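Colleague: Below are the sequence and a predicted model; questions follow.
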Amino acid sequence: MFTEAQLYSPVTTGIDGDVTVHLSDEHPGVHDLDYRARRNDIAALALDFRPGAPVPQIDYTAEEQEVWRIVSAELARKREKFACREVNDAAERLALPFDHIPQLDEVTSKLFPLTGFRYVPAAGLVPLREFFGSFADRTFHSTQYIRHHSAPLYTPEPDAVHEILGHANQLASPRFAAVYETVGAAVQRITTERALKFLADVFWFSMEFGVLREHGEVRCYGAGLLSSFGEIEEFRHAELRPLDIHAMGAIAYDITHYQPILYCAESVSEIEDVVGGFFETVTDETVEQLTRVEQI
């Protein structure tokens with residue numbers, strides 16, 4: 001099932017107010033003291049942010065800018081080849097920069113006129129209810145840190161590459177943005193942790209790792225695939241199953257490996273009808289009924 005803590009490096013604030021990002025022993029930047037200090041500083045800025053205040057501006061280093069130039073160019077080439085037209089058309093309209101890491105207010109300035117979504121900073125993990133619930137106001141919580149320069153095409157956790165090149169390109173589509181908004185409305189209806197987890201898992205296998213058929217080929221639309229240099233190709237080798245809300249919300253999966261099973265839509269319209277329809281109507285009782293079927 002969906003496990004929050006595996007997605008992001010934990011962030012803590014000490015008694016003295018110092019903010020620390022706890023990288024795993026396998027993280028490419030764990031032994032780089034300068035990188036770790038940068039991560040702490042960027043997280044502290046996000047924690048200090050309050051709604052309505054100016055979005056923190058990050059003074060990205062030359063190494064960080066070079067990482068962005070490398071990965072954004074590589075992902076653009078792969079997106080053109082492996083992503084669906086809805087995403088590619090949206091990315092073309094959004095026109096994110098290749099030559100520098102966009103500040104979050106720059107992302108908002110490009111995205112808001114297209115779909116009304118705006119970006120606000122996150123230090124790391126945002127609680128599920130807050131993260132998904134903000135979609136109702138067309139707000140997306142985004143990290144601002146960049147993966148370590150030693151591995152520009154790899155990250156063990158979501159970074160600005162994932163949040164911007166994955167989600168923003170997806171959110172630039174009015175059709176996908178509308179699905180996100182239904183997720184936010186759903187979170188306002190549901191109250192149980194079971195329902196919240198179920199919703200998060202359906203989101204994982206659709207808006208994060210969703211694929212669809214287009215002109216006889218399988219193409220991706222999920223942000224997790226759009227922002228992963230390796231997995232944007234590997235999804236073609238996954239076992240493809242039809243959209244099934246019960247299965248998507250109940251299947252066990254490992255987020256640290258390429259997904260061996262994906263749920264494939266026949267069109268964007270089917271995503272809107274099946275996935276969007278679920279988010280539009282889900283309640284605690286809906287999930288209780290679905291999980292009861294699982295237990296029988």
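Modeller: Right, received. Where do you want to start? From a predicted model like this one, the values you see are computed outputs, not experimental measurements.

Colleague: Can you tell me what sits against the lowest-mean-pLDDT helix or strand in the chain?
Modeller: Every helix and strand of the chain was ranked by mean pLDDT, DSSP states H and E. The lowest is helix 284-295, at a mean of 80. Helix 284-295 is contacted by residues 189-192, 194-195, 198-199, 245-246, 249-250 when judged by Cβ atoms under 8 Å, 6 or more residues apart in numbering. The way it works is simple: take the backbone N, C-alpha and C, and place the C-beta from them, glycine included.

Colleague: got the buried residues for that helix?
Modeller: Using 16 or more other Cβ atoms under 10 Å as the test for burial, helix 284-295 gives 286-287, 290-291.

Colleague: Which residue, other than its chain neighbours, is closest to residue 176?
Modeller: In this structure, residue 176 finds its nearest non-sequential neighbour in residue 170, 5.1 Å apart by Cβ to Cβ, 6 or more residues apart in numbering.

Colleague: Make sure the one you found is actually in contact with residue 179.
Modeller: No: Residue 170 lies out of contact with residue 179 (Cβ atoms under 8 Å); the separation is 9.5 Å.

Colleague: Quick check: neighbours shared by the two?
Modeller: Joint contacts of residue 170 and residue 179 (Cβ under 8 Å, 6+ apart) are residue 207.

Colleague: Okay, strands next: where are they in the protein?
Modeller: 11-13, 19-21, 118-121, 139-142, 211-214, 217-220, 239-242, 261-265 (DSSP state E).

Colleague: Direction included, what does the first one pair up with?
Modeller: Read that as strand 11-13. Strand 11-13 sits in its sheet next to strand 19-21 (antiparallel), going by DSSP bridges.

Colleague: quick check, distance from the strand it pairs with to the centre of its chain.
Modeller: With Cα atoms, centre = their mean, to the nearest Å as the basis, strand 19-21 stands 22 Å off its chain's centre.

Colleague: wouldn't residue 162 be in contact with residue 231 here?
Modeller: No: between residue 162 and residue 231 there is no contact under Cβ under 8 Å: 11.2 Å.

Colleague: what sits in contact with each of the two?
Modeller: Contacts common to residue 162 and residue 231, judged by Cβ under 8 Å, 6+ apart, are residue 224.

Colleague: hmm, back to that, where does the residue nearest to residue 176 land on pLDDT?
Modeller: pLDDT, residue 170: 98.

Colleague: Same check on the one 4 residues further on?
Modeller: The model reports residue 174 with a pLDDT of 98.

Colleague: ok, it to residue 82 distance?
Modeller: In this view, residue 174 and residue 82 are 22 Å apart by Cβ to Cβ, to the nearest Å.

Colleague: who's more crowded, the two?
Modeller: Each of residue 174 and residue 82 has its neighbours counted (other Cβ atoms under 10 Å); residue 82 has more, 22 against 13.

Colleague: any idea how far the closest residue in space to the more buried one that isn't next to it in sequence is from residue 75?
Modeller: Distances taken as Cβ to Cβ, 6+ apart put residue 232 closest to residue 82, at 5.2 Å, once the chain neighbours are dropped. For residue 232, the distance to residue 75 equals 7 Å [Cβ to Cβ].

Colleague: if I look at these two, which residues touch both of them?
Modeller: Common neighbours of residue 232 and residue 75, counting by Cβ under 8 Å, 6+ apart, are residue 226.

Colleague: Check which helices and strands the lengthiest helix in the chain sits against.
Modeller: Counting residues, the longest helix in the chain under DSSP state H turns out to be helix 62-82. If contacts are counted by 3 or more Cβ pairs under 8 Å, 6 or more residues apart in numbering; DSSP states H and E, helix 62-82 sits against helix 85-94, helix 223-226, helix 231-234.

Colleague: switch the cut-off to 7 Å
Modeller: Helix 62-82 sits against helix 85-94, helix 231-234, with contacts defined as 3 or more Cβ pairs under 7 Å, 6 or more residues apart in numbering; DSSP states H and E.

Colleague: What is the neighbour count of the nearest residue to residue 258 once chain neighbours are set aside?
Modeller: With sequence-adjacent residues excluded and distances taken as Cβ to Cβ, 6+ apart, residue 258 is closest to residue 234, at 4.7 Å. For residue 234, the neighbour count with other Cβ under 10 Å is 13.
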